[in-house]
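A.B. asks: Can you look at this prediction? I've put the sequence above it.
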Amino acid sequence: ETGVTQSPTHLIKTRGQQVTLRCSSQSGHNTVSWYQQALGQGPQFIFQYYREEENGRGNFPPRFSGLQFPNYSSELNVNALELDDSALYLCASSGGLAGSYEQYFGPGTRLTVT
Amino acid sequence: LAKTTQPISMDSYEGQEVNITCSHNNIATNDYITWYQQFPSQGPRFIIQGYKTKVTNEVASLFIPADRKSSTLSLPRVSLSDTAVYYCLVGDVYSSASKIIFGSGTRLSIRP
């Protein structure tokens, strides 16, 4: 059984550019959630996908978008990058809606926007 | 929203029992309480989850009073490797996932 993996590990982008982050969920998990974690703060919920449909969204603008594929892997896309988007982006998978199920987190992608 | 409040930091020594309390006064009927541990530059790791009374697993215990407005994570006989940030999370399985909220967490430092 493989755990949650994310790619790339680190990424440096310029303000205004677009970025795509990828996540492979744990085997058997159909729910993927994305979080943004700024330095010294707790993870902030971006959105969740359940069986390829968005199932809830946090307070993030529309330039943060996502996809979930039939194999339950997922992408997070961020357009028009801003300096404040610099953070650790975490993906978590679970076997159901994340509220009552264990979430398994990946190691994260460290995004730096210059 | 069932927002959580935790102490910002705690210190303890190896071999001691550590109790971290989380307040969630507005917890909803369908909400579960989940605790995570996070080491620097890693994703959070699930520790324990409960709905009411007491839950125990191989690493921790979770105590939830009858009114469910708070919960206490108990770590028995801590070691240096338990130094981490601990998050209390309250989530509603039936409603929008946007109610999943991590607070700022409790930074636990264990000394020899």
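C.D. replies: Received, thanks.
A.B. asks: Just the pLDDT for the closest residue to A:P107 other than its chain neighbours.
C.D. replies: Excluding its sequence neighbours, the residue lying closest to A:P107 (C-beta to C-beta, 6 or more residues apart in numbering or on different chains) is B:G43, at 5.6 Å. (Each C-beta comes from the backbone N, C-alpha and C, glycine too.) B:G43 is assigned 92 on the pLDDT scale.
A.B. asks: ok, now which ones touch B:G43?
C.D. replies: Counting by C-beta atoms under 8 Å, 6 or more residues apart in numbering or on different chains, B:G43 makes contact with A:V4, A:L90, A:A92, A:F105, A:G106, A:P107, A:G108.
A.B. asks: cool, and B:N19?
C.D. replies: Here B:N19 is in contact with B:T72, B:L73, B:S74, B:L75 (C-beta under 8 Å, 6+ apart).
A.B. asks: what does A:R110 give?
C.D. replies: A:T9, A:H10, A:L11, A:L88, A:Y89, B:S41.
A.B. asks: Now do the contacts for the last one.
C.D. replies: Right, the one you point to is B:S41. Counted by C-beta under 8 Å, 6+ apart, B:S41 has contacts A:L88, A:P107, A:G108, A:R110.
A.B. asks: so where does the second one fall, helix or strand?
C.D. replies: Element membership of A:P107 [criterion: DSSP states H and E] is none; it lies in no helix or strand.
A.B. asks: sorry, back to before: which pair in the contacts of B:G43 spans the largest distance?
C.D. replies: Farthest apart among these by C-beta to C-beta are A:A92 and A:P107. That separation is 11.3 Å.
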